[in-house]
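Trainee: Sequence and predicted structure are below.
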Amino acid sequence: MGEESKRIYPPLVLAYIGDAIYEVHIRTYLIEKLRGNVNKLHKHATKYVKASAQAASVHGIKHMLSEKEWDIVKKGRNQKSNSIPKNASLVDYKYATGFEALIGYHHLHGNEARIKEIVDASILLIEDALEER
């Protein structure tokens, strides 16, 4: 994919691919960690990929993001969407969209190491929050 074609993707398109990439990272992490059956893995995966978890993650990792990365999050957050999941608040959904746009941006730019840093930090934040419950 050429450099110019990567730059023209709208934030919702970045979020679309970022959602899929984040899900694959989470599923791979859970398979390696839990080695359970599919139903058990799916149940655990939802704790990591739901909008509220992604929104908390993007706030928690803000300090490790560059200005450009935070701009991508904000552009994703500020997009109007035609649908809002029934199990998420509007604010969480918007920040989750921004988080996914960031993952999508890095994926389309071939920055897999950066995706791993972001996903690993997000996993730690989510697991810390789950332990506090």
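Mentor: Thanks, I have it.

Trainee: make it CA atoms for all contacts and neighbour counts henceforth
Mentor: Will do.

Trainee: wait, what's in contact with Y105?
Mentor: Residues near Y105 by Cα atoms under 8 Å, 6 or more residues apart in numbering: L14, G18, I72.

Trainee: ok, those vs I26, which is closest?
Mentor: G18 (12.1 Å; Cα to Cα).

Trainee: Any idea how many residues pack against the closest one?
Mentor: 25 (other Cα atoms under 10 Å).

Trainee: Report the contact partners of it.
Mentor: E100, A101, L102, I103, G104, Y105, H107.

Trainee: Now it. Nearest residue, chain neighbours left out?
Mentor: Nearest residue to G18, sequence neighbours excluded (Cα to Cα, 6 or more residues apart in numbering): G104, at 3.6 Å.

Trainee: And what about that neighbour, helix, strand or coil?
Mentor: helix (DSSP: H, G, I helix; E, B strand; the rest coil).

Trainee: That one touches L12, doesn't it?
Mentor: No. If you go by Cα atoms under 8 Å, G104 and L12 don't touch, sitting 9.4 Å apart.

Trainee: Let's see which of the contacts of Y105 end up in helices.
Mentor: L14, G18, I72 (DSSP state H).

Trainee: Can you tell me which of those residues is nearest A51?
Mentor: Nearest member of the ones in helices among the contacts of Y105 to A51, counting by Cα to Cα, is G18, at 13.2 Å.

Trainee: where does the closest one land on pLDDT?
Mentor: The model reports G18 with a pLDDT of 98.

Trainee: separation between it and N39?
Mentor: Separation of G18 from N39 (Cα to Cα, to the nearest Å): 23 Å.

Trainee: who wins for most neighbours among the contacts of G18?
Mentor: Busiest of the contacts of G18 [other Cα under 10 Å] is E100, holding 33 neighbours.

Trainee: any idea which helix or strand comes after the host helix or strand of that residue?
Mentor: According to DSSP states H and E, E100 maps onto helix 90-108. Downstream of helix 90-108, the next assigned helix or strand under DSSP H and E is helix 112-132.

Trainee: now the angle from that next one to helix 90-108?
Mentor: Inter-element angle recorded for helix 112-132 and helix 90-108: 150 degrees (by axes from the mean of the first three to the mean of the last three Cα atoms, to 10 degrees).
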